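Colleague: build me a model:
(2 chains)
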Amino acid sequence: MKHKFEPVEGRNAEIIEAVLNSAEVDGLSEDCKFKIRLCVEEVEENILAYSGSTWIEVWTEREGSLLTIGFRDGGIQFDPLAAPDPDITAPLEKRSIGGLGIFVCKKMMDTVDYHFENKCNIFVMKLRVA
Amino acid sequence: MDVSIVKEGAKTLVKLAGRVDTTNAEKFQTDIAPLMADAAPDIDIDCSNMEYTSSQGLRLFLMLQKSVSSKGGSMVLRNMKQQVKEVFEITGFSNIITII
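Modeller: Predicted coordinates for the structure are as follows:
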């Protein structure tokens, strides 16, 4: 599946459904779909909040049991993996929500990768699905 | 996400059902606002029908827990589905929010 969403704002549910209904994801376990839904939501929200792009291209690929979900956008250069992980051992009063979404992706996916290429942010996550 | 709140004596019983995500986080925040208005909160939240939360939902649970703790109250989340619980665990939220 490969699809370009333009504009981006308000398209979160649509983007998630496009990924979940793709041939590469359809038929996977509920557990995998839960992780995919969550991580797609977090990445899309992150792009919306920081890159300011008016479009996002989302694609899915399968190579055997390895699922790839990719995002490309034309906004300002922003590496979500550059920020330090949130301190998940901090006491309640020192907890904040910053960086939690991408942290969840790092934990739930097998790999996450960011690079900037041809003036586009490219974020790719991979999950072993079997 | 559907939120039902019932007061039973000093205790507040809450039932959550559905998903908390980007599309409804604002509504969820409005729905749980009464819980933050309680002067002596003793909140019991049944999560058995809660299907999903993203970091948007976590943000609101954190806000609620901070409100409850600042008043010396208590809050428990019970019967959470394993997948949802995993989100609380990997983010360390299970260390600061009581999940039973």
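
Colleague: got a list of contacts for stretch B:13-29?
Modeller: Stretch B:13-29 is contacted from outside by A:12-13, A:41, A:45, B:1-7, B:32, B:35, B:43-47, B:49-54, B:56-57, B:59-60, B:63, using CB atoms under 8 Å, 6 or more residues apart in numbering or on different chains. Any C-beta I mention is one placed from the backbone N, CA and C, and that applies to glycine too.

Colleague: what residue ranges in chain A score low on pLDDT?
Modeller: Of all residues in chain A, none has pLDDT under 70.

Colleague: which one in it is furthest away from the centre?
Modeller: Distance from the centre of chain A peaks at residue A:93, with 28.6 Å (CA atoms, centre = their mean).

Colleague: return the residues in contact with that one.
Modeller: B:66, B:69.

Colleague: so what does the closest residue to residue B:50 other than its chain neighbours look like in phi/psi?
Modeller: Distances taken as CB to CB, 6 or more residues apart in numbering or on different chains put residue B:16 closest to residue B:50, at 4.4 Å, once the chain neighbours are dropped. When quoted as degrees, to the nearest 10, the phi and psi of residue B:16 stand at phi -110, psi 140.

Colleague: host element of residue B:6?
Modeller: strand B:2-8 (DSSP states H and E).

Colleague: list the contacts of that strand.
Modeller: Counting by CB under 8 Å, 6+ apart, B:12-18, B:28, B:31-32, B:34-35 sit against strand B:2-8.

Colleague: buried stuff in that strand?
Modeller: residue B:3 (16 or more other CB atoms under 10 Å in any protein chain shown).

Colleague: could you give the number of residues near residue 24?
Modeller: Defaulting to chain A. When counting by other CB atoms under 10 Å in any protein chain shown, one arrives at 18 neighbours for residue A:24.

Colleague: correction: the question concerned chain B.
Modeller: Neighbourhood size, residue B:24 [other CB under 10 Å]: 17.

Colleague: what's the separation between it and residue B:34?
Modeller: Per CB to CB, to the nearest Å, residue B:24 is found 17 Å from residue B:34.

Colleague: quick one: contacts for residue A:34?
Modeller: Residue A:34 neighbours (CB under 8 Å, 6+ apart): B:52, B:83.

Colleague: and it, which of the three is it?
Modeller: helix (DSSP: H, G, I helix; E, B strand; the rest coil).

Colleague: same check, this time on residue A:83
Modeller: Following three-state DSSP, we place residue A:83 in the coil state.

Colleague: name the nearest residue to it, ignoring sequence neighbours.
Modeller: residue A:99 (5.2 Å).

Colleague: phi and psi next, for the one you found.
Modeller: According to degrees, to the nearest 10, residue A:99 has phi 80, psi 0.

Colleague: surely it touches residue A:82?
Modeller: No - in this structure, residue A:99 is not within contact of residue A:82 by CB atoms under 8 Å, at 10.4 Å.

Colleague: who has more neighbours, these two?
Modeller: Neighbour count, other CB under 10 Å: between residue A:99 and residue A:82, residue A:99 has more, with 17 against 8.

Colleague: check contacts around the residue of chain A found nearest chain B.
Modeller: Nearest residue of chain A to chain B, counting by CB to the nearest CB: residue A:88, 2.9 Å away. Each residue near residue A:88 by CB under 8 Å, 6+ apart is listed here: A:103, B:90-92, B:95.

Colleague: from these, which land in helices?
Modeller: If you go by DSSP state H, these have A:103, B:90 in helices.

Colleague: make CSV out of the contacts of residue A:88 and add distance to residue B:69.
Modeller: Listed next are the contacts of residue A:88 as CSV, based on distance: CB to CB, whole Å:
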residue, distance to residue B:69
A:103, 23
B:90, 22
B:91, 18
B:92, 16
B:95, 13
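
Colleague: noted, bye for now.
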